[in-house]
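Trainee: Based on what follows, work out the 3D shape:
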Amino acid sequence: MAMASVTITNARILTLAGEPAPRHGPAMRRLGVIDSGFVEIDSGRILAVSAGPPPQTTKGRVIDAGGRVLMPAFVDCHTHTCWAGDRFDEYQMKLAGTSYLQILSAGGGIMATVRAVRSAEEEQLTETLLQRLDRMAALGTGTVEVKSGYGLTTPDELKMLRAIHAASRQTPVRVVATFLGAHAIDPDNPRFLDQTINETLPAVAGEFPRIPCDAYCEKGAWSVADTRRLLEAAAELGCPLRVHADQFNSLGMTPLAVDLGARSVDHLEATTPRDLEYLAASETIGVALPACGFHLDGRYAPGRAFIDAGGALAIGTDYNPGSAPCPSMPFAVALACRHLGLTPDEAITAATINAACVLALADEVGSIEVGKSADLQLLHGRDERELAYEFATAGPSQVLIGPTPLRRRGGEASSS
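Mentor: From the prediction side, this is the model:
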């Protein structure tokens, strides 16, 4: 149900206003704060943002924020939210001391989910994805990137992407699909690499033109040379490039991704200082995924060093059934401040406008500016630092995603 018009008054507004471009280094601390102001919305679009009270001519519903923080909804720029099955047995193995790479080499990990996805119907994938998106929205997320990569055959990768597309039409959450056919190596298919590059990629790009293409470059997965082959082929098809790199080992993929013009390099836990500086000096955005380090091995990307070197950092949940079963961007923000060395304002920038830039959506979301989609969240508190200070919370007081009504949660702001 769409709202014709609504005005949120008496709010501490984090606008993050500015050029629709990544914020680098010190610019990540500039939140564009309006200490007390209003936001006027009509049909899901922001009509006005200003300090002070709204004009007397304001129409529609009025919500008094009571001095609480109003900020952009989160943009979760790295997730694997579409999957089937579960990995509870593997979690038991992890608790007993088995490493993630050992589980992967024994046929578990990604391949366990691949088998479950191949057995699932498209409608099942759509329904479970919608359930997860609803949980993410309740935690303040308005935009979610969702990768394929649990099919690893042409029909199953297309099935996943069709399920993601179907879900995008049934939720107010803005969903961005990414092709991740290079997520693992199928041990039962000796032609897997060539098939992914020469068959699956063209089929995907044909049905979903200009879909971003991602690859997991790691020992036991895609090599640097094979990742390069895939990404060069994807670029020829007009696909924007992204890459998982340096999660467990530094293989040299990060500088190559920069040279190939990738939008982002994601993970970075094992990135060398030299490669980190090379990435920071480029236009490629670094994406840190602290929930993965929390769940797997306590290793985190060097976020502080990257920002101090002038880099543009984004953060995401990496929501997936194996290494980061976490739908919560507030928790990712809290982890980024505790373990990546970010300040609360840097973490907010990384979770909003910089993440929107990863998805090429900075003209639409990630800040509170006239003309943009009204993807907003009203926090419980009057100080945005509370977002990083607290953890494992129930999420914001209210969430608005475009024209969708504000969600009611405990501590609702008053309205008239």
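
Trainee: Give me the number of neighbouring residues for Arg210.
Mentor: Arg210 is flanked by 11 other residues according to other C-beta atoms under 10 Å. Heads up, the C-betas are built off the backbone N, CA and C, glycines and all.

Trainee: And Arg274, how far from Leu289?
Mentor: Separation of Arg274 from Leu289 (C-beta to C-beta, to the nearest Å) stands at 22 Å.

Trainee: Looking at the two, which has the bigger crowd around it?
Mentor: Leu289 (31 against 11).

Trainee: contacting residues for that one?
Mentor: Shown in contact with Leu289 (C-beta atoms under 8 Å, 6 or more residues apart in numbering): 78, 266-267, 301, 315-318, 324, 332.

Trainee: how about 10 Å then?
Mentor: Leu289 sits next to 77-79, 244, 247, 266-269, 300-301, 314-320, 323-324, 326, 332, 335-336 when contact means C-beta atoms under 10 Å, 6 or more residues apart in numbering.

Trainee: before we move on, what about Leu268?
Mentor: Contacts of Leu268 (C-beta under 10 Å, 6+ apart): 244-247, 250, 254, 275-276, 279, 286-289, 300-303, 306, 311, 313, 340.

Trainee: can you check Asp226 too?
Mentor: 182, 185, 193-194, 196-197, 215, 217.

Trainee: from those residues, which single one is nearest Thr57?
Mentor: Ala215 (53.3 Å; C-beta to C-beta).

Trainee: Spell out the secondary structure type for that closest one.
Mentor: Put simply, Ala215 is strand when judged by DSSP: H, G, I helix; E, B strand; the rest coil.

Trainee: which stretches of this structure aren't confidently modelled?
Mentor: Applying pLDDT under 70 to the chain flags the ranges 1-3, 405-416.

Trainee: And the next helix or strand past the helix or strand hosting Asp275?
Mentor: Following DSSP states H and E, one finds Asp275 within helix 273-280. Once the chain leaves helix 273-280, the next helix or strand it forms, by DSSP H and E, is strand 285-288.

Trainee: What would that following strand look like as PDB? C-alpha coordinates only.
Mentor: In PDB, the C-alpha atoms belonging to strand 285-288 read as follows (Å, rounded to 0.1, in the frame of the first residue of the first chain):
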ATOM      1  CA  ILE A 285      35.600   0.300  -3.900                       C
ATOM      2  CA  GLY A 286      36.700  -2.100  -1.200                       C
ATOM      3  CA  VAL A 287      33.900  -4.100   0.400                       C
ATOM      4  CA  ALA A 288      34.400  -5.500   3.900                       C
END
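
Trainee: Who are the packing partners of it?
Mentor: Under the contact definition 3 or more C-beta pairs under 10 Å, 6 or more residues apart in numbering; DSSP states H and E, strand 285-288 sits against strand 242-245, strand 264-267, helix 273-280, helix 303-308, strand 313-315, helix 329-339, helix 344-351, helix 353-358.

Trainee: ok, 7 Å please
Mentor: strand 264-267, strand 313-315, helix 353-358 (3 or more C-beta pairs under 7 Å, 6 or more residues apart in numbering; DSSP states H and E).

Trainee: one step back: list only those of the contacts of Leu268 flagged as buried.
Mentor: Among those, those buried by neighbour count (16 or more other C-beta atoms under 10 Å) are 244-247, 250, 254, 275-276, 279, 286-289, 300-303, 306, 311, 313, 340.

Trainee: isn't Ala221 right up against Ile185?
Mentor: Yes - the criterion here is C-beta atoms under 7 Å, and Ala221 meets it with Ile185 at 6.2 Å.

Trainee: what about Thr154, how many residues close to it?
Mentor: 17.

Trainee: got the contact list for it?
Mentor: 199-200, 203 (C-beta atoms under 7 Å, 6 or more residues apart in numbering).

Trainee: Who wins on neighbours among these?
Mentor: Thr200 leads those on contacts (other C-beta under 10 Å) with 24 neighbours.

Trainee: sorry, back to before: can you tell me which of the contacts of Asp226 is closest to Ile164?
Mentor: Closest approach to Ile164 among the contacts of Asp226 (C-beta to C-beta): Ala182, at 17.1 Å.

Trainee: what bridges to the closest one?
Mentor: Taking DSSP bridges as the rule, Ala182 bridges to Ala215.

Trainee: That one: how many residues sit nearby?
Mentor: Neighbour number of Ala182 under other C-beta under 10 Å is 29.

Trainee: on that earlier part again, could the contacts of Thr154 go into a markdown table alongside distance to Arg61 and secondary structure?
Mentor: As requested, the contacts of Thr154 are exported to a markdown table (distance: C-beta to C-beta, whole Å; DSSP: H, G, I helix; E, B strand; the rest coil):
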| residue | distance to Arg61 | secondary structure |
| --- | --- | --- |
| Glu199 | 52 | helix |
| Thr200 | 48 | helix |
| Ala203 | 47 | helix |
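
Trainee: and which of these is nearest to Ala262?
Mentor: Thr200 (19.6 Å).

Trainee: can I assume that closest one is in contact with Pro155?
Mentor: No - using C-beta under 7 Å, Thr200 makes no contact with Pro155, being 9.3 Å away.

Trainee: Identify, from the contacts of Asp226, the entry nearest to Ile34.
Mentor: Of all these, Ile34 sits closest to Ala215, with 41.4 Å by C-beta to C-beta.

Trainee: which ones are touching the closest one?
Mentor: 182, 222, 227, 230-231, 243-244.

Trainee: what do you get for Ser105?
Mentor: Gly220.

Trainee: what does Thr200 give?
Mentor: 154, 157, 181.

Trainee: Now name the helix or strand holding the second one.
Mentor: When secondary structure is defined using DSSP H and E, the element that contains Glu157 is helix 154-168.

Trainee: Give the buried residues for that helix.
Mentor: 154, 156-164, 166-168.

Trainee: Nearest to Leu125, out of those: which one, please.
Mentor: Distances from Leu125 to the buried residues of helix 154-168, taken as C-beta to C-beta, are shortest for Ala163 (3.7 Å).

Trainee: Any chance of the contacts of Thr200 in a markdown table with distance to His295 as columns?
Mentor: Shown next, in a markdown table, are the contacts of Thr200 (distance: C-beta to C-beta, whole Å):
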| residue | distance to His295 |
| --- | --- |
| Thr154 | 31 |
| Glu157 | 26 |
| Gly181 | 24 |
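
Trainee: now, which of those sits nearest His24?
Mentor: Looking across the contacts of Thr200 and measuring by C-beta to C-beta, the closest to His24 is Gly181, at 31.4 Å.
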